[in-house]
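Engineer: no sequence on this one, just coordinates:
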């Protein structure tokens, strides 16, 4: 059970879930494979952006329900759920807080924790045939994967509430209309478009990417006074970096900044 990682130009890494992992992404085995693979790319300073996609009709459909059944039978279900969320949730926090841009290229169905992983992305591109489903209520569960935190911020609180309680399934076009994804493209150009966004967003200075991601997440849960202090601390730290010096020089010289070179100094 493995993922395919392709290192592309401009510091972009394309990660493709195998058919088995895309269908049953969060088994005891595969959740660690996903976490280790993405975590390794986050640790790599040369990787500026990650594009995650699935295989066939599936982007990432969450937990292996068969493994759930076995764990219920042998009395280890609480341990299993605790282990899965104990790996997934820290990974999501890293993806949200890290300077690395995270783009979801949604080639097919995203459900359960797999939907949460897609919602964690900085940008989501999907095909019309994609399907977004919570699926927790069908199993008698409550949501995880930060979906109750992320989805309301994208589509609004009441629409998110209806999505969960009506056990709804959104098409790619509906998800775009509601704001859950950023754009809908054909399957033929899905990866090209996702990589284009990843390279474009990843070209900015590391401190700009990381601080902005963190500030935007904090903005919905803090008072303005607190947010202003967060911004002051972040921009002061950024002003001390080689990237800022490069940006100022590029502006005065009327050229495009080369942040990669500045980071390597």
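Structural biologist: Everything's here; your move. Note that this is a predicted model, so its numbers are computed, not measured.
Engineer: what comes up buried for stretch 93-107?
Structural biologist: Applying a neighbour-count criterion of 16 or more other Cβ atoms under 10 Å, the buried positions in stretch 93-107 are 94-96, 98-107. All C-beta atoms are positioned from the backbone trio N, CA, C, and that covers glycine.
Engineer: Relative to residue 222, which of the residues you listed is nearest.
Structural biologist: Nearest to residue 222 among the buried residues of stretch 93-107: residue 96, at 15.5 Å, using Cβ to Cβ.
Engineer: hang on, the closest one packs against residue 120?
Structural biologist: Yes - shown here, residue 96 and residue 120 form a contact pair, counting by Cβ atoms under 8 Å, at 6.1 Å.
Engineer: From the chain's centroid, how far away is the helix or strand hosting residue 82?
Structural biologist: With the criterion set as DSSP states H and E, the secondary-structure element containing residue 82 is helix 77-97. In this view, helix 77-97 has its centroid 14 Å away from the chain centroid, taken as Cα atoms, centre = their mean, to the nearest Å.
Engineer: Give the helix, strand or coil label for residue 215.
Structural biologist: In the three-state summary, residue 215 is assigned as helix, counting by DSSP: H, G, I helix; E, B strand; the rest coil.
Engineer: How is residue 129 assigned, secondary-structure-wise?
Structural biologist: Under the three-state scheme (three-state DSSP), residue 129 adopts coil.
Engineer: I figured it was touching residue 184, is that so?
Structural biologist: No - no contact is recorded between residue 129 and residue 184 when judged using Cβ under 8 Å, the distance being 9.8 Å.
Engineer: Those two: which has the busier surroundings?
Structural biologist: Higher neighbour count among residue 129 and residue 184: residue 184, with 21 against 16, using other Cβ atoms under 10 Å.
Engineer: for this protein, which spans come out with low pLDDT?
Structural biologist: Within the chain, the set of residues satisfying pLDDT under 70 comprises 1, 24-25, 261-265.
Engineer: Strands of that one, start to end?
Structural biologist: Read by DSSP state E, the chain holds these strands, from start to end of the chain: 3-7, 12-17, 49-53, 58-60, 101-106, 109-111, 123-126, 131-133, 169-171, 183-184.
Engineer: Adjacent strands (with direction) for the first one?
Structural biologist: Partner strands and pairing direction for strand 3-7 (DSSP bridges) are strand 12-17 (antiparallel).
Engineer: now for the helix holding residue 82, which elements pack on it?
Structural biologist: For helix 77-97, the contact count by 3 or more Cβ pairs under 8 Å, 6 or more residues apart in numbering; DSSP states H and E identifies helix 28-43, helix 65-74, helix 112-120, helix 206-219 as packing neighbours.
Engineer: Give me the angle between the shortest one and strand 12-17.
Structural biologist: Looking back up the chat, that one is helix 112-120. Counting by axes from the mean of the first three to the mean of the last three Cα atoms, to 10 degrees, helix 112-120 lies at 170 degrees to strand 12-17.
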